[in-house]
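1. sequence first, then the predicted structure:
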Amino acid sequence: MAGVDMQARLSDAAVVSLDDLGWLDEAIGDARVVAIGESAHYNDEFLRLRHRLVRHLVERHGFGAYAMETGFTEGWLVDSWVRGGREDLDHVLANGVTSLMGLWTPVRAHLEWMREHNRTAARPVGFYGIDLSGSNVSLLPSLDATLAYLARADPDFNVDPGIRATAASFAAPSAFSLQAALTAYGNLSPETRDALTAGLAELTARMTGRRLEYARRTTGESYERALRSLRLTVAIEAGMRAMARGDAQGAMVNRDAAIADTVEWVLRREDRIVLAAHNGHIQRWPVAPMPGMAPATPMGMHLADRLGADYLVIGTTMASGSTLNTSPDFYTGTLFTDMEPPRPGSLDSLMAASHEGPFVTDMRRLSPADADAVRTTTCQRIGNAYSDVRPLDAYDLVVHLPDVTAAEPDRAALAHSPDEVREAFSLWSP
């Protein structure tokens with residue numbers, strides 16, 4: 001009928017204010033992992049939401065670990081600092097938090113809160129990176145950590161120097177070198193690539209077979225850290241192989257399976273953890289983060305399969321503002337781009353039509369009419385792109401933030417970053 005607004009909306013009963021976090025208290029139950037998503041990286045509002053929810057879960061519910069979408073090996077530097085270490089925080093933010101994730105003022109505030117909390121807490125909160133190291137591209141951080149461990153645990157063992165030499169030939173100082181690293185890897189001869197793969201496999205076999213011997217010479221925990229770093233090195237190299245043959249789906253599958261294993265590794269050390277990552281990683285539904293890419297199995301599906309009800313997923317939506325620029329212009333300093341209005345039929349569009357301000361909806365407690373409205377949505381925004389999703393299967397709760405902005409760059413952390421990072425940020429005008 002002409003003049004009638006046919007946009008689906010949720011009822012007022014499904015819209016819960018974010019002012020009071022009682023909804024979070026009711027939702028978590030006995031979950032061991034509470035995953036908090038974000039629709040795009042580096043947005044101020046998502047970072048502040050994450051910080052607020054983490055503080056609540058730690059202070060009110062005793063969660064003992066914060067696990068973040070950043071490099072596993074580099075994350076030990078952050079963990080040392082939040083537990084009272086003497087490292088310089090500017091250096092920690094630039095080098096302990098990968099993929100540019102540490103270069104924003106809300107992240108500094110979050111780590112400062114963790115350190116202050118731990119100063120008087122009976123049980124300190126640990127920091128864990130769960131992602132592939134080297135911004136998912138460079139093998140060197142995790143490989144060097146493994147080689148340093150082997151030098152202590154097995155000093156008479158001579159590691160083939162060709163392994164590191166090959167890894168160094170396509171190493172990337174930051175996320176801005178992604179394309180250069182892929183090109184360099186692609187230029188390696190098949191024989192060199194195969195030798196690298198075989199060398200990493202042999203190192204993995206050696207470390208796995210000598211677990212008891214190595215742990216006795218060092219410690220069990222240092223052995224486990226080194227082995228996890230090595231397994232993530234293998235995952236990065238497998239992802240590079242996949243990307244070189246044009247298999248972006250294979251690269252994502254490798255990555256998300258590896259980070260799910262890392263979360264499980266953390267759970268063997270911590271009772272309850274808060275897990276912060278992009279929606280595309282935490283959701284319980286296949287995701288295609290790039291146009292034309294076949295859907296891939298994300299970390300969240302692995303964790304849901306392993307943990308069942310112990311895995312709680314809080315997704316997010318957004319309607320307007322600035323989002324991460326995923327075009328090639330990103331690499332020349334155009335870090336953010338304006339968003340178009342949400343696509344009709346998307347989860348973001350439904351949430352935006354339901355209420356003007358920020359709110360949360362519990363997908364498990366919807367009325368039949370509200371559940372039907374959610375079922376009409378078939379996709380969700382990832383920046384300015386969209387991925388197919390079934391929200392009732394993907395999430396337990398969804399937080400809607402109507403307008404999001406670029407976070408404020410942390411100038412002190414940037415000063416400790418590689419030259420190419422400082423140059424790109426200097427070209428960006430927030």
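-> Everything's here; your move.

2. list the buried residues in stretch 217-230.
-> 218, 223, 225-230 (16 or more other CB atoms under 10 Å). C-beta: built from backbone N, CA, C; applies to glycine.

3. mean confidence score for that stretch?
-> Per-residue pLDDT over stretch 217-230 has a mean of 98.

4. show me what that stretch is in contact with.
-> 72-73, 76, 133, 142-143, 145-146, 149-150, 152-154, 200, 203-204, 207-208, 211, 214-215, 262, 265 (CB atoms under 8 Å, 6 or more residues apart in numbering).

5. export that stretch as PDB, just CAs?
-> In PDB, the C-alpha atoms belonging to stretch 217-230 read as follows (Å, rounded to 0.1, in the frame of the first residue of the first chain):
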ATOM      1  CA  ARG A 217      64.800 -29.200  30.800                       C
ATOM      2  CA  THR A 218      62.800 -26.000  30.900                       C
ATOM      3  CA  THR A 219      59.200 -25.900  32.200                       C
ATOM      4  CA  GLY A 220      56.000 -27.500  31.100                       C
ATOM      5  CA  GLU A 221      54.400 -24.100  30.500                       C
ATOM      6  CA  SER A 222      57.300 -22.700  28.400                       C
ATOM      7  CA  TYR A 223      57.200 -25.900  26.300                       C
ATOM      8  CA  GLU A 224      53.500 -25.500  25.700                       C
ATOM      9  CA  ARG A 225      53.900 -21.900  24.700                       C
ATOM     10  CA  ALA A 226      56.600 -22.700  22.300                       C
ATOM     11  CA  LEU A 227      54.700 -25.600  20.700                       C
ATOM     12  CA  ARG A 228      51.600 -23.400  20.300                       C
ATOM     13  CA  SER A 229      53.800 -20.700  18.600                       C
ATOM     14  CA  LEU A 230      55.200 -23.400  16.300                       C
END
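
6. in TSV, list the buried residues of stretch 217-230 along with secondary structure and distance to Val274.
-> Output for these, formatted as TSV (DSSP: H, G, I helix; E, B strand; the rest coil; distance: CB to CB, whole Å):
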residue	secondary structure	distance to Val274
Thr218	coil	30
Tyr223	helix	27
Arg225	helix	21
Ala226	helix	26
Leu227	helix	25
Arg228	helix	20
Ser229	helix	23
Leu230	helix	26
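
7. would you list every one of the helices in the stretch 1-150 of the chain?
-> 22-28, 44-61, 72-82, 89-95, 105-120, 140-153 (DSSP state H, counting those that start in this stretch).

8. go through the top strand by length along the chain and flag the buried ones.
-> Using DSSP state E to define each element, the chain has its longest strand at strand 311-324. Buried residues in strand 311-324, counted by 16+ other CB under 10 Å: 311-324.

9. swap in stretch 206-216?
-> 207, 210, 214-215.

10. now for those, which pair is the farthest apart?
-> For these, the maximum inter-member distance is 10.5 Å, found between Met207 and Ala215 (CB to CB).

11. related to what we said a few turns ago, among the buried residues of strand 311-324, which one lies nearest to Asp194?
-> Looking across these and measuring by CB to CB, the closest to Asp194 is Leu324, at 35.6 Å.

12. what sits against that closest one?
-> Residues counted as contacts of Leu324 (CB under 8 Å, 6+ apart) are 40-43, 330, 335-337, 383.

13. now render these as CSV, adding distance to Ser177.
-> Converted to CSV, those look like this (distance: CB to CB, whole Å):
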residue, distance to Ser177
Ala40, 21
His41, 17
Tyr42, 18
Asn43, 24
Phe330, 13
Leu335, 16
Phe336, 20
Thr337, 21
Gly383, 21
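
14. among those, name the ones in strands.
-> Assignment to strands by DSSP E places the following of these there: 336-337.
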